[in-house]
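Peer 1: Return a 3D structure for these sequence lines:
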Amino acid sequence: MPEINILPKEVYQLIAAGEVVERPSSIVKEMIENSVDAGAKNITVEIKNGGTTYIRITDDGTGIEREQVKKVFIPHATSKIKNSEDLDSIGTLGFRGEAMASVAAVAKVELLTRTENKELGTRYEIAGGEELDFSEAGCPVGTTIAVRDIFFNTPARMKFLKKDVTEGNSVAGIVDRMAISHPEISFRFIREGKQVLITSGNGNLKSTIYSVLGKEFSDGLIDVDYSVNNMRLTGVVTKPSASRKSRAMQYFFINSRLVKSQTAMAALEQAYRNSIMVGKFPGCVLNIECNAALVDVNVHPAKTEVRFANERPVFELVYYGVKSAIEAGDTPKEAHFSSYKTNPVTASGKIDLFGGEEKPRQMEFKQRDPEDFWRVAAPKKTDAPQKTENGGVIRLDIDFGDDEPIRKTEPKPEIKTEPAPEVKTEAAPVKNEVDIPDFRVVGEAFKTYIIVEIEGALYFIDKHAAHERMNYEELKSSTVIHSQILLQPVVIRLSKEEYSAVCDNLALYSKCGFAVEDFGNSSVIVRECPSILDGERIEDLICETAGKLLDGKTDITPEKMDWIFHSTSCRAAVKGGDYTSPYERELFVKKLLAMPNIRYCPHGRPVMIKMSRYDIEKQFGRA
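Peer 2: Below is the predicted model of the structure:
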């Protein structure tokens, strides 16, 4: 058996640091928690280079007595607990007494602190676990801690840090969460010399959410206040109509401690069941108040994962609290006009019946070129009016669902000219890379399934699934994805994690036809989008792809591009229930049969079902 060694101090400190100090944001979290526990009403966080070279946190809490200062940096020295019984009812955010010792083991730390009953404060410096200075100093009541050069004495660990902007976004995410969990505290965040966040500290949760998460999120909120079995649920949830394409805006707290709780998340989403579309998720800021003895927060070094003595009461509290809030506070979704407008040179023409710039999507009248029904990732050649057989000009092409399009024409003025040579054109040319079988389009059922007769059998084609797969294949095979400039760029507010994921993949979005730029303050701006996305909600697509990038952040780029192609092709595809003319159906089937490998949509659903003549005749007793 190998000899058992007692590790020296400098080694076991580094091991402890590895549990707590993973990156700058973990340091910020631990230090803010100490400030909150000290009763601070104002907390300022400042970072440089994403926090890798400089972090400073200042609070106006109670401060630390001079004779207690050195104990702050001794492993497992804490004022929060005294014996094992105290672990059963932890009411503070910090309690282990390992955070500052771990930070001091891998960074250079300077502490300034003063209590209210002292005229002078204390200055203490420690680096790599070694004391450098201990002296009196003038400072206000409270505590200021500056941390410099993380991992300066363990350079091998620095390689695990990400880019400064990514580390900075992670710190910003921690500050956001701490701010919304404590609206009674004023938080100020300074990043690279610029103030990017300040909250009022007036105790108003919605005011804090507005400052932290932005107007769009705060506008669609429902208050939650529900009590049962000596437990209370407070906070806000989003209206069903304000649901998003990812879970990034779900924030759960237990006794004001930021946590990850699968139980609470499941209860939240169950409460919204049948109220929101599949694939969308509610947002929330919810705090569970309960007896500290019922929850164990000592199960993870970062204290973000908790264990309940009984999960059922927690599930029921969240489920019934959110469900009752939705039923009482949700109102019918207000009609609003789409604000997405594209460059008129490249977009299909739209007639504005309202005399303004905006109009509801379902009331758009398009002068539609049937070829555009199946053309993917290619700009239109012209937006000039179409010409009729008698030389007139089409002014309006209105789709009234089941009825055939009504076309009004204006006779072309008779002008005597020399007859022009006859030019023959072919509509919707399709590459004959494969032999297309003879087919006959029988019709369309439920405005969703195109019925086609091919060689003694009937085929039922799901036009959305088939069109989605055709779009997907052509997007993947396109060397250039044609984009169109948005006349009104779209600014999208994201969570800090989504924001970081998108900013880290701007080149990826560019390859997929989007011009996305960092707009600051957790927002991105979209200036261009693929031509086939005319009129679609860009926010939903960016949020959806950002969530997928977060879920697959270790995957290779081509797989990430597949996610964007999936979302883009789905949104660009004709929808079930959309009217398609007989000419469009003919073109669609011809295009589909020219791509024989298409059998399933990108999500795995079949694009067509075959019913043989024998099977049909058997049902009628003919076979």
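
Peer 1: can you map out the strands along the stretch 1-150 of the chain?
Peer 2: 42-48, 54-59, 108-114, 121-127, 130-137, 142-148 (DSSP state E, counting those that start in this stretch).

Peer 1: For residue 502, find the nearest of those.
Peer 2: strand 42-48 (20.9 Å; Cβ to Cβ). Just so you know, the C-beta spots here come from the backbone N, C-alpha and C atoms, and that holds for glycine as well.

Peer 1: buried sites along the closest one?
Peer 2: 43-48 (16 or more other Cβ atoms under 10 Å).

Peer 1: can you redo the strands of the stretch 1-150 of the chain as CSV with distance to residue 454 and mean pLDDT?
Peer 2: CSV is the format used below for those (distance: least, Cβ to Cβ, whole Å; pLDDT from 0 to 100):
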stretch, distance to residue 454, mean pLDDT
strand 42-48, 65, 97
strand 54-59, 68, 97
strand 108-114, 76, 95
strand 121-127, 78, 95
strand 130-137, 82, 93
strand 142-148, 71, 96
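
Peer 1: what would these look like in JSON lines with distance to residue 240?
Peer 2: As requested, those are exported to JSON lines (distance: least, Cβ to Cβ, whole Å):
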{"stretch": "strand 42-48", "distance to residue 240": "35"}
{"stretch": "strand 54-59", "distance to residue 240": "39"}
{"stretch": "strand 108-114", "distance to residue 240": "48"}
{"stretch": "strand 121-127", "distance to residue 240": "52"}
{"stretch": "strand 130-137", "distance to residue 240": "55"}
{"stretch": "strand 142-148", "distance to residue 240": "43"}
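
Peer 1: right, and the ones you listed - which one's nearest residue 212?
Peer 2: strand 42-48 (13.1 Å).

Peer 1: circling back to that earlier point, residue 582 is nearest to which of the strands of the stretch 1-150 of the chain?
Peer 2: That would be strand 42-48 among these, by Cβ to Cβ, at 63.1 Å.

Peer 1: May I have that closest one exported as PDB, CA atoms only?
Peer 2: Taking Å, rounded to 0.1, in the frame of the first residue of the first chain, the C-alpha atoms of strand 42-48 are listed here in PDB:
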ATOM      1  CA  ASN A  42     -25.400  49.100  -1.700                       C
ATOM      2  CA  ILE A  43     -23.000  46.800  -3.500                       C
ATOM      3  CA  THR A  44     -20.700  47.800  -6.400                       C
ATOM      4  CA  VAL A  45     -19.000  45.200  -8.600                       C
ATOM      5  CA  GLU A  46     -16.200  46.200 -10.900                       C
ATOM      6  CA  ILE A  47     -14.200  44.000 -13.300                       C
ATOM      7  CA  LYS A  48     -11.500  44.400 -15.900                       C
END
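
Peer 1: what's next to it, contact-wise?
Peer 2: 24, 28, 32, 35-36, 54-60, 168, 171, 175, 178, 185-193, 201 (Cβ atoms under 8 Å, 6 or more residues apart in numbering).

Peer 1: Apply 6 Å and report the result again.
Peer 2: Contact partners of strand 42-48, identified using Cβ atoms under 6 Å, 6 or more residues apart in numbering, comprise 35, 54-60, 171, 175, 185-191.

Peer 1: all helices of the stretch 401-550 of the chain, in order?
Peer 2: Applying DSSP state H, counting those that start in this stretch to the stretch 401-550 of the chain gives helices spanning 463-477, 496-503, 506-511, 538-551.

Peer 1: Mind checking the strands of the stretch 1-150 of the chain for the one nearest to residue 249?
Peer 2: Of all these, strand 42-48 comes closest under Cβ to Cβ, at 21.5 Å.

Peer 1: Now for residue 483: which residues touch it?
Peer 2: Counting by Cβ under 6 Å, 6+ apart, residue 483 has contacts 513, 528, 530.

Peer 1: Where neighbours are concerned, which of these has the most?
Peer 2: Within the contacts of residue 483, neighbour counts (other Cβ atoms under 10 Å) peak at residue 530, which reaches 26 neighbours.

Peer 1: what's across from that residue in the sheet?
Peer 2: Beta-bridge partners recorded for residue 530 (DSSP bridges): residue 483.

Peer 1: Verify the contact between it and residue 515 for me.
Peer 2: No - counting by Cβ atoms under 6 Å, residue 530 stays clear of residue 515, with 10.5 Å between them.

Peer 1: one step back: go through the strands of the stretch 1-150 of the chain and name the closest to residue 451.
Peer 2: strand 42-48 (62.7 Å).

Peer 1: Show me what the closest one pairs with in its sheet, parallel or antiparallel.
Peer 2: Here, using DSSP bridges, strand 42-48 pairs with strand 54-59 (antiparallel), strand 186-191 (parallel).

Peer 1: Just put those strands in TSV and tack on distance to residue 235 and mean neighbour count.
Peer 2: Converted to TSV, the strands paired with strand 42-48 look like this (distance: least, Cβ to Cβ, whole Å; neighbours: other Cβ atoms under 10 Å):
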stretch	distance to residue 235	mean neighbour count
strand 54-59	25	22
strand 186-191	18	20
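
Peer 1: Same list, those strands, but as a markdown table with distance to residue 283 please.
Peer 2: As requested, these are exported to a markdown table (distance: least, Cβ to Cβ, whole Å):
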| stretch | distance to residue 283 |
| --- | --- |
| strand 54-59 | 28 |
| strand 186-191 | 20 |
